[in-house]
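Colleague: here's a sequence, model it:
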Amino acid sequence: MHEASVARSMLEIVEKTVQEHPGAKVRIIRVSLGALSHIDDEALQFAFEVLKRETIASEAELEIEHEQLRGRCKECGEEFLSEVLERPCPGCGGFSIQWEGEGDSRVLSIDIDD
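Modeller: Modelled structure (predicted):
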């Protein structure tokens, strides 16, 4: 399960970051999933809930944001944003699209109570 390794990596980042704040409680972890990361939200949430139990983030909530794909139509040159690869060009309706987007996931922010 790819999502379990992503959740584990996120929690490692959180633990390293929060070490600078002894006694802090992690409340919210915000992550961004790249448009091409192929990470399933529900599977990531499940893995996070299981793996956080014995960590400093045991009471934390996970908030997930998604980056959009950037498309450029090879036929008409239209540039646009999309959440799915199967979308036609909004300018001409064509499907000859060059897609760009991140495949990475990253921790955006960590909310803590000192």
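Colleague: tell me the centre residue of the protein?
Modeller: In the chain, the residue lying closest to the centroid (CA atoms, centre = their mean) is Leu33, at 1.9 Å.
Colleague: contacts only, for it.
Modeller: Residues in contact with Leu33 (CB atoms under 8 Å, 6 or more residues apart in numbering) are 39, 41, 44, 64-67, 105. (C-beta placed from N, C-alpha, C; glycine too.)
Colleague: quick check: phi and psi at it.
Modeller: The phi/psi pair for Leu33 (degrees, to the nearest 10) reads phi -110, psi 130.
Colleague: returning to what we had before: so which of the contacts of Leu33 is the most crowded?
Modeller: Leu44 (23 neighbours; other CB atoms under 10 Å).
Colleague: I'd assumed Val6 was in contact with it.
Modeller: Yes. The pair Leu44 and Val6 qualifies as a contact (CB atoms under 8 Å) at a distance of 6.2 Å.
Colleague: and the helices in this structure?
Modeller: 2-18, 41-51 (DSSP state H).
Colleague: nearest to Ser109, out of those helices?
Modeller: helix 2-18 (10.0 Å; CB to CB).
Colleague: tell me the helices and strands packed up against that closest one.
Modeller: Other helices and strands packing on helix 2-18, by 3 or more CB pairs under 8 Å, 6 or more residues apart in numbering; DSSP states H and E, are strand 25-33, helix 41-51, strand 105-113.
Colleague: reformat these as CSV; add mean pLDDT and distance to Arg72.
Modeller: Output for the helices and strands packed on helix 2-18, formatted as CSV (pLDDT from 0 to 100; distance: least, CB to CB, whole Å):
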stretch, mean pLDDT, distance to Arg72
strand 25-33, 95, 22
helix 41-51, 96, 27
strand 105-113, 92, 24
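Colleague: out of the ones you listed, which is closest to Gly91?
Modeller: strand 25-33 (27.4 Å).
Colleague: if we can go back for a sec, and the helices of the chain: which comes nearest Ile112?
Modeller: helix 2-18 (6.3 Å).
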